[in-house]
Every structure is written in structure tokens, then in C-alpha cells.
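Q: how does the following fold in three dimensions:
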Amino acid sequence: MPTWKELKRFYERDNWELYKNTDHYFFRKRMSNGELKRTKVSRGSKEIPRNLWEEILRRQLKVTEEYFNSTK
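A: Next up, the predicted model:
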């Protein structure tokens, strides 16, 4: 499982916009079809629990784990 730091690095490398920096990092990305993806990332450095990671991939990133691993 990736860590929160690896997830943040993915957003930075995948051209997500950091639009709010508080107790969490808040990112967004406008897709070519007009969809706006939004997410937040913990400032922690621990590994993301599997069930949460699967939700993040499916609902927020909407990418495959292979794409994530190639971009992080």
C-alpha cells in the first residue's frame, strides 16, 4: 500500500492543483471532459489502509493501480 506522502507526490506529478493547504492537502483536477476531480491528503506519513486505498483509487483518482504506480 502507498503512503500518504506517495499519494501527495502522485497528485503533484499528475498535474493536480493544490488549492488549499490546511490540516490536509486539498487537490483538484479538471479533466478534458469537464469533470472536476477533488480529493484531500493527510499530512501523515503512514501507509494508507487497504480499504481506504481502494476507495481513493475508485472514487477520487479514477485510475488503475498500475497507472498510479507508474506516476508516483
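Q: what's the residue with the largest distance to the centre of the chain sitting at in phi/psi?
A: Most distant from the centre of the chain: residue 33, at 19.2 Å, with distances by Cα atoms, centre = their mean. Backbone torsions of residue 33, given as degrees, to the nearest 10, read phi -90, psi 10.
Q: which other helices and strands does the longest helix that the chain contains contact?
A: Taking DSSP state H as the criterion, the chain has its longest helix at helix 4-13. Packing partners of helix 4-13 (3 or more Cβ pairs under 8 Å, 6 or more residues apart in numbering; DSSP states H and E): strand 24-30, strand 36-42, helix 65-71. Yep, even glycine has a C-beta here, placed from its N, CA and C like the rest.
Q: touching, residue 17 and residue 36? I think so.
A: No. Applying Cβ atoms under 8 Å, one finds residue 17 not in contact with residue 36, separated by 10.3 Å.
Q: find the residues that touch each one of those two.
A: Contact criterion Cβ atoms under 8 Å, 6 or more residues apart in numbering; residues shared by residue 17 and residue 36: 28, 29.
Q: ok, the residue farthest from the centre of the chain to residue 62 distance?
A: Distance, residue 33 to residue 62, using Cβ to Cβ, to the nearest Å: 11 Å.
Q: how about residue 72?
A: Applying Cβ to Cβ to residue 72 and residue 62 gives a distance of 16 Å.
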